[in-house]
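Trainee: starting from these lines, generate the structure:
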Amino acid sequence: MKITFTSLSYFQKIAELQHMTKAAAALHVAQPSLSRTIKSLEEELDVPLFDHRGRNIVLTKYGEILLAHVNLIMKEMELAKKELREAEEAEHKTVKLSLYAASKMVPSFLMEFRQKHPDIRLEILLQSLQQDAEVMQKGIDLALRSNIKPLDDGHSVTLFKEEIMLAVPDTDPHANMPSVNLSDFSEASFICLHTGQSLRTVTDFYCRKAGFMPKVALESDSPETVQEFIRTGLGISFVPQITWGGVGGEHVVLVPIASPRCYRYISLTWDKDKELSAPAMELKKYIIDHFADFAKSYAAKQFSTIGRI
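Mentor: As a prediction, the model looks like this:
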């Protein structure tokens, strides 16, 4: 017989009670079976573990050595069980939120939620449309998405609509115009998000609608970096008016696009085939109830610090 966790636990109980019959009763096993287990353990280790003294049994010096190690093993096993329980509980309290849009403002938005629900752990993942299928397989609970049309069905809800504007250097002739036509920029150099990002998909759609594909001079996923590139005159860029609040000013001007009018819709989605946990339901309700108002307030605060948009 190979040494097993069961045989070591039997040995520990006998050593504790120093009585085979009492140990068998405590372990809920037949005494003959318990005796065979200990005999097999002694044969495996090739040393006697107990001496019989009347009705009681006591550890030999070999048994005392083994007991010291078994106690450590059992203690480690209890610690392992505790950590596994805690990990399982944490998993049930973890909500995975995937961001395809509005990533700039989400950390600020979630601060109040975390204060109200300190026991809920949030896992935030930045995604592209190219990762979509893989993401759903990883068990994402909720996702903030950017779409050309509003989404409202059994597993999504549109949170708000925002206008997409053109960001140009203040030295550009278009900077002082009340609005522009997108077709006028067919030869312009654009600073865009990487292909596969949801905003890039939306803006490419509007460019095609205006009769051209943008000439991409630079690609960046950071609104702050895009702003710096525009300032230095490296190109122009599309800017969502609400979720990219703060891009503008400092020699960058946002100009409305009159034709075609460019909008995107920010939506919250979830897996229709998966039942949301209670913590995920809490976050879903919080986002639906508060995200639109927070986004508009966030944008207003950002714009107020940079002057003219």
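
Trainee: got the buried residues for stretch 151-168?
Mentor: Going by neighbour count (16 or more other C-beta atoms under 10 Å), the buried part of stretch 151-168 is L151, S156, V157, T158, L159, F160, E162, I164, M165, L166, A167, V168. In short, each C-beta sits where N, CA and C put it, glycine included.

Trainee: surely V168 forms part of a helix?
Mentor: No: V168 sits outside any helix when classified using DSSP: H, G, I helix; E, B strand; the rest coil, being strand.

Trainee: hmm, back to that, redo the buried residues of stretch 151-168 as a markdown table? Include secondary structure.
Mentor: Output for the buried residues of stretch 151-168, formatted as a markdown table (three-state DSSP):
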| residue | secondary structure |
| --- | --- |
| L151 | coil |
| S156 | strand |
| V157 | strand |
| T158 | strand |
| L159 | strand |
| F160 | strand |
| E162 | strand |
| I164 | strand |
| M165 | strand |
| L166 | strand |
| A167 | strand |
| V168 | strand |
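
Trainee: closest to V239 among those?
Mentor: Closest approach between these and V239, by C-beta to C-beta: A167, at 4.4 Å.

Trainee: would you confirm that that closest one contacts P240?
Mentor: No: between A167 and P240 there is no contact under C-beta atoms under 8 Å: 10.3 Å.

Trainee: hmm, back to that, which one of the buried residues of stretch 151-168 is nearest to P118?
Mentor: Out of those, the member with the shortest distance to P118 (by C-beta to C-beta) is L159, at 24.6 Å.

Trainee: residues near N56, how many?
Mentor: Using other C-beta atoms under 10 Å, N56 has 13 neighbouring residues.

Trainee: any idea how far Q12 is from it?
Mentor: 16 Å (C-beta to C-beta, to the nearest Å).

Trainee: again with V47
Mentor: Distance from V47 to Q12, by C-beta to C-beta: 17 Å.

Trainee: out of the two, which sits in the busier spot?
Mentor: More neighbours surround Q12 than the other of V47 and Q12, with 17 against 14 (other C-beta under 10 Å).

Trainee: counting by contacts, list what the helix or strand harbouring that one packs against.
Mentor: Q12 belongs to helix 5-17 when assigned by DSSP states H and E. Other elements packing on helix 5-17 under the criterion 3 or more C-beta pairs under 8 Å, 6 or more residues apart in numbering; DSSP states H and E are helix 20-27, helix 31-45, helix 61-92.

Trainee: same thing but 10 Å
Mentor: If you count contacts as 3 or more C-beta pairs under 10 Å, 6 or more residues apart in numbering; DSSP states H and E, helix 5-17 packs onto helix 20-27, helix 31-45, strand 50-53, strand 56-59, helix 61-92.

Trainee: could I get the ones you listed as TSV with mean pLDDT and distance to I288?
Mentor: Converted to TSV, the helices and strands packed on helix 5-17 look like this (pLDDT from 0 to 100; distance: least, C-beta to C-beta, whole Å):
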stretch	mean pLDDT	distance to I288
helix 20-27	90	54
helix 31-45	91	59
strand 50-53	88	67
strand 56-59	89	65
helix 61-92	83	22
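
Trainee: got the ones you listed as a markdown table, with distance to A175 columns?
Mentor: A markdown table is the format used below for the helices and strands packed on helix 5-17 (distance: least, C-beta to C-beta, whole Å):
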| stretch | distance to A175 |
| --- | --- |
| helix 20-27 | 84 |
| helix 31-45 | 85 |
| strand 50-53 | 92 |
| strand 56-59 | 89 |
| helix 61-92 | 51 |
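
Trainee: so which of these comes closest to E228?
Mentor: helix 61-92 (39.5 Å).

Trainee: on that earlier part again, how about TSV for the buried residues of stretch 151-168, with pLDDT and distance to T94 added?
Mentor: Putting the buried residues of stretch 151-168 into TSV (pLDDT from 0 to 100; distance: C-beta to C-beta, whole Å) gives the following:
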residue	pLDDT	distance to T94
L151	84	25
S156	93	22
V157	95	22
T158	95	26
L159	95	23
F160	94	27
E162	94	30
I164	95	34
M165	93	37
L166	94	40
A167	91	37
V168	92	43
